[in-house]
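S.K.: sharing a sequence plus its predicted fold:
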Amino acid sequence: MKITKNVLSKKDLKEFVNLVTCDNFPWYYNDKTAHIKSNINSKHTYEAPQLTHKLIGNGEVNSDWLKVMSPILDNIYKDIDINGIIRMKFNLLFPYKYKKNEKHCTPHIDNEEHEGNRILLFYPQDCDCYTYFFKNKKLWKKIKVTGNTLIDFDGKIYHAGSHPIKSTNKIVLNINYM
């Protein structure tokens with residue numbers, strides 16, 4: 001796992017946030033964050049709605065916004081051939097009132113059918129929540145969502161996001177690549 005801070009310049013980061021929060025950026029409703037069954041049973045798991053915007057799905061361009069955002073996105077996935085990207089999407093999560101002991105969404109693996117894939121998670125803004133990582137069905141690591149930070153990890157690692165409590169929202173760029 002590799003964590004990189006200060007990925008974008010201040011100017012690019014501001015433009016990035018402005019683009020995904022502008023009033024004409026299309027977001028699509030999902031009733032939960034993980035649509036697959038998990039091999040990890042945890043009493044700390046919950047599911048809540050999120051909004052998403054898929055730029056690339058199944059290796060195919062899915063949104064005209066990819067072209068608009070390319071100059072900035074190129075700086076996030078600069079060492080990756082765009083043709084190797086399986087999926088690239090934004091997640092937008094809002095505050096969620098956790099019940100007792102709930103900590104994270106369902107642990108899952110993205111694009112399980114692709115052997116050798118990797119995942120990039122880019123957080124443009126600070127947020128009062130974490131991303132959780134699991135090994136051997138146990139919590140292995142939790143990383144605070146910190147603005148302008150990129151996490152690169154093996155696609156076979158179970159992971160789970162969480163919703164903010166006090167922050168207005170949480171935005172994540174999720175890139176699955178070969």
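M.R.: Done, it's in. Numbers count the residues shown, from 1 in each chain.
S.K.: measure the nearest residue to Ser63 once chain neighbours are set aside to Thr21 for me?
M.R.: Of all residues not flanking Ser63 in the chain, Leu55 sits nearest, at 4.8 Å (Cβ to Cβ, 6 or more residues apart in numbering). Bear in mind the C-beta positions are built from the backbone N, C-alpha and C, glycine included. Taking Cβ to Cβ, to the nearest Å as the measure, Leu55 falls 16 Å from Thr21.
S.K.: comparing the two, which residue is more hemmed in?
M.R.: Using other Cβ atoms under 10 Å as the criterion, Leu55 and Thr21 rank with Leu55 on top: 22 against 15.
S.K.: is that one in contact with Lys89, as I believe?
M.R.: Yes. Using Cβ atoms under 8 Å, Leu55 is in contact with Lys89, at 6.3 Å.
S.K.: which residues does stretch 16-29 contact?
M.R.: Stretch 16-29 is contacted from outside by 8, 49, 51-54, 65, 68-69, 72, 90, 92, 124-125, 171, using Cβ atoms under 8 Å, 6 or more residues apart in numbering.
S.K.: let's see which of those end up in strands.
M.R.: Leu51, Thr52, His53, Lys54, Phe90, Leu92, Ile171 (DSSP state E).
S.K.: what's the most distant pair in the residues you listed?
M.R.: The most widely separated members of the ones in strands among the contacts of stretch 16-29, counting by Cβ to Cβ, are Lys54 and Ile171 (14.5 Å).
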